[in-house]
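Visitor: structure for this input, please:
(3 chains)
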Amino acid sequence: MESLERIIAEHPFFEGLDSEFVQLMVSCASNVRFKADTYILKEGDPANTFYLIREGKVAVELFAPQRRPIIVATLGVGELLGWSWLLPPFQWRFHARAIDGVRAIALDGKCLRTKCEENHDLGYAVLKRFAQIMERRLEATRLQLLDVYSVSP
Amino acid sequence: MTLTLQPLVDPMLTHQYVLREIVKETPDTFTLTTEPDIGDHNNSFTPGQFSMLWVFGVGELPISISGDPAKRHQLVYTVRSVGQGTHALVSQSVGNSVGVRGPLGTGWPLEAAGGKDVILVAGGIGLAPLRPLVYHVLSNRKDYGRLVLLYGARSPRELLYRKELATWARNHETQVLVTVDYGGLSWRGHVGVVTTLFKYARLQPAHSVAMVCGPEIMMRFVTRELETHGLRREDIYLSMERNMKCAVGFCGHCQYGPYFICKDGPVFRYDQIRPLLEKYEL
Amino acid sequence: MIETLLRRGYEVVGPTVRDGAIVYDRIGSLEQLPAGWTDVQEPGRYQLMSRGDQAFFGYAVGPQSWKKYLHPANVRLWSAERQGQTFRILNNESQLNRPFAFLGVRACELAAIAVQDRVLFQDKFRDPTYAHCSTDKFIVAVQCTRAAATCFCASMGTGPQVTGGFDLALTELLGDTEHRFLAECGSDHGAEVLAELEVSPASEEDRQQLEVGIKEATNQQTRRIDTNGIKNLLYQSFEHPRWDHVAQRCLACANCTMVCPTCFCTTVEDISDLSGDHAERWRRWDSCFTLSFSYIHGGSIRASAKARYRQWMTHKLASWIDQFGTSGCVGCGRCITWCPVGIDITEEVRAIRVGEQNGKP
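Guide: Sure, this is the predicted structure:
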């Protein structure tokens, strides 16, 4: 069984951050489980916790009237779920549903964002990592938008 | 004074093949199994090659061979119905004859991949010309390292060869990852473009050869991803597509920069065509 | 000589006047040759003018080239007939019974034939139609003693002098009282034909007239393409603003590809009769200037006229070198003359080269 500490410390998002701070994150972290088809977070709820997925897949979903929920993306092992805890208004923008049984590490987003406000060096390092991940997701989303496999007119 | 015609193989002459089976893979894609009608036409091909398939009185189309190269008595094609020609092809009845010219073009680099991990990245119908390579690697396991197949399709009902994907995944040292652009409620797999699968793939980039086939935009994104993951440009191969009429280098239609896709391709090494990929309207 | 060639079983093809131009057609006698005609050529302009003498070959080149016969515009590849669920391919009868004798082949045209030989008969696949039409052909070349304003063969290294690849090469020697031809023999077949004609050894003055004529033809050429490093120049100029400039003028009418002696692109068409039981596959000339040329499901790759002009010129002057080892252009100038808006390929190259040096269009 890998220790929480090692998993967090070695994850690309936390690697290289001030070790005292990483220790603090570890101390506030906990193992969590979600049964298949249960919701991990819901659109509109306050965003204070984020998750490092250790097992299983999570569907990021949107609901629209008269339509079944639309899965816009899935996240798997090693990925971080949830970003709205970092920037105002600190509210979830999507639903996240465990597709199969999911094991994850829950991390204290509220604590991390408070520390970022107090320590701008830390804040900059965190935002840099955040921006990188967002950039890759934006690129993937744009490619998804292009619908490349359809037969164009 | 009479002319003496030098005996020349006519590269534009087609050969009769009988349609033995038509399997509907998805709402618009079909797999056709053909066998030579008369005589002993050469059925051997390298994975990645294509044939020009002729429908009586309608026309000819370049279609990738998608069958098992070890099954020498037949030639199998997977065709997506996107226009008049392909529609006529998939509408043929079992027992009808079609014309076959081929195999044509260059195939996937089996030698260059020898002893290495083989990473296949397929988008949509692009899995068709890669399937013969999967068969080949799985039948010659000791000649290759690990096999990783990353496959993306538009939606779950447009996935090709679903049963085979599951069978392949159960093979020793084989990883099969599938994703769709648009999931549905009953889809419990990955949702997202095929590049999002890379993070789950177990790769040894220094010891791998990658082969990519799909829409050109998808291939551009995928090659970037492969490079980010440490593959060298000389170890990445793409299958390109352009308009083809003769498929033997005479009609000029398939030119891609200085290359004729019909005879210099369709398989190209990435470092050679990288400057061309970025040129709009080339 | 025409009679001799006909007697020896050749299909003689040579220049003749028709519809205000000098075209190539089957020739039966001397009267059909364009005696006393010359051509005035400028970008977008072609006009025949009377010379005031009776020279047979006093012109440069017309809109047609020998590809009309070697790489015909409409060829039936094969036909098939339906038989129940299958079909049977019918043996295609050869459409040519006698070899061609081409009368009046210019140096640039000889070079163009060699270029097409390389493309259609000396590459990975070989075109049986081209082979068939080329078999045993007899070439009577003509040395150019004058150049049209659109000629630039000297800069392309393809002329104006014919130095090889012919059976006979004629230089027209038109004096006040005499009409003679200096004949160079280039092959055994050529010698055989000469043996049947009234010939006498050439004098030194006659030989010098050839030299003088070639010098004239060379010096008269005002246009040129600087071919130094042209392949890389064009490969690197994909984004050059000059393409936009030419795109504003180019109509994508495909005239240039039709008159160019080296353009070889074709398309294949399927035809069937009303009963649906008989099908034919025809090969026809095609042009990269058409929208459908680069069409794949979803749309054309080269949708803009700019992309298509760029493709044609880059292929002709650059990619051709990588593909076949020589330039695709022989400097005949036809594309300049027959372009309805007068686009001049030599000017386009210069503009791109200069722009490259100065960093502006």
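Visitor: could you use CA atoms for every contact and neighbour count after this?
Guide: OK.
Visitor: how about the contacts made by residue B:236?
Guide: By Cα atoms under 8 Å, 6 or more residues apart in numbering or on different chains, the residues touching residue B:236 are B:209, B:210, B:211, B:212, B:223, B:269, B:270, B:271.
Visitor: ChimeraX command for the buried members of the residues you listed?
Guide: Written as a ChimeraX command, the selection of buried residues from the contacts of residue B:236, which uses 16 or more other Cα atoms under 10 Å in any protein chain shown, is:
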select /B:209,210,211,212,223,269,270
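Visitor: wait, which of the contacts of residue B:236 is closest to chain A?
Guide: residue B:223 (13.7 Å; Cα to the nearest Cα).
Visitor: among the contacts of residue B:236, which are in strands?
Guide: With strands taken from DSSP state E, the overlap with the contacts of residue B:236 comprises B:209, B:210, B:211, B:212, B:269.
Visitor: including distance to chain A, could the residues you listed go into JSON lines?
Guide: Formatted as JSON lines, the entries for the ones in strands among the contacts of residue B:236 read as follows, by distance: Cα to the nearest Cα, whole Å:
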{"residue": "B:209", "distance to chain A": "23"}
{"residue": "B:210", "distance to chain A": "20"}
{"residue": "B:211", "distance to chain A": "18"}
{"residue": "B:212", "distance to chain A": "15"}
{"residue": "B:269", "distance to chain A": "22"}
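Visitor: so which of those also contact chain C?
Guide: Contacts with chain C are made by none of the ones in strands among the contacts of residue B:236, judged by Cα under 8 Å from any Cα of the partner chain.
Visitor: make a markdown table out of these and add pLDDT.
Guide: Compiled in a markdown table, the ones in strands among the contacts of residue B:236 are given as follows (pLDDT from 0 to 100):
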| residue | pLDDT |
| --- | --- |
| B:209 | 98 |
| B:210 | 98 |
| B:211 | 98 |
| B:212 | 98 |
| B:269 | 98 |
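Visitor: okay if I get those residues as a markdown table plus distance to residue C:178?
Guide: Conversion of the ones in strands among the contacts of residue B:236 to a markdown table gives the following (distance: Cα to Cα, whole Å):
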| residue | distance to residue C:178 |
| --- | --- |
| B:209 | 75 |
| B:210 | 75 |
| B:211 | 73 |
| B:212 | 72 |
| B:269 | 65 |
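Visitor: near residue C:202, how many residues? Count them for me, please.
Guide: 12 (other Cα atoms under 10 Å in any protein chain shown).
Visitor: how is chain C divided into domains?
Guide: In the assignment given by automatic domain parsing, the structural domains of chain C cover C:2-72+C:95-219, C:230-263+C:294-358.
Visitor: can you give me the helices for chain A?
Guide: Chain-ordered helices for chain A, with DSSP state H as the definition, fall at A:4-10, A:19-27, A:109-118, A:120-145.
Visitor: which of these sits closest to residue C:187?
Guide: Closest approach to residue C:187 among the helices of chain A is made by helix A:120-145 (64.2 Å; Cα to Cα).
Visitor: quick one, that closest one and helix A:19-27 angle?
Guide: Between the axes of helix A:120-145 and helix A:19-27, defined by axes from the mean of the first three to the mean of the last three Cα atoms, to 10 degrees, the angle is 60 degrees.
Visitor: before we move on, the earlier item: Serialize the domains of chain C to a markdown table and add fields for distance to chain A.
Guide: As requested, these are arranged in a markdown table below (distance: least, Cα to the nearest Cα, whole Å):
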| stretch | distance to chain A |
| --- | --- |
| domain C:2-72+C:95-219 | 33 |
| domain C:230-263+C:294-358 | 5 |
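Visitor: and these as CSV, adding mean pLDDT?
Guide: As requested, the domains of chain C are exported to CSV (pLDDT from 0 to 100):
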stretch, mean pLDDT
domain C:2-72+C:95-219, 93
domain C:230-263+C:294-358, 95
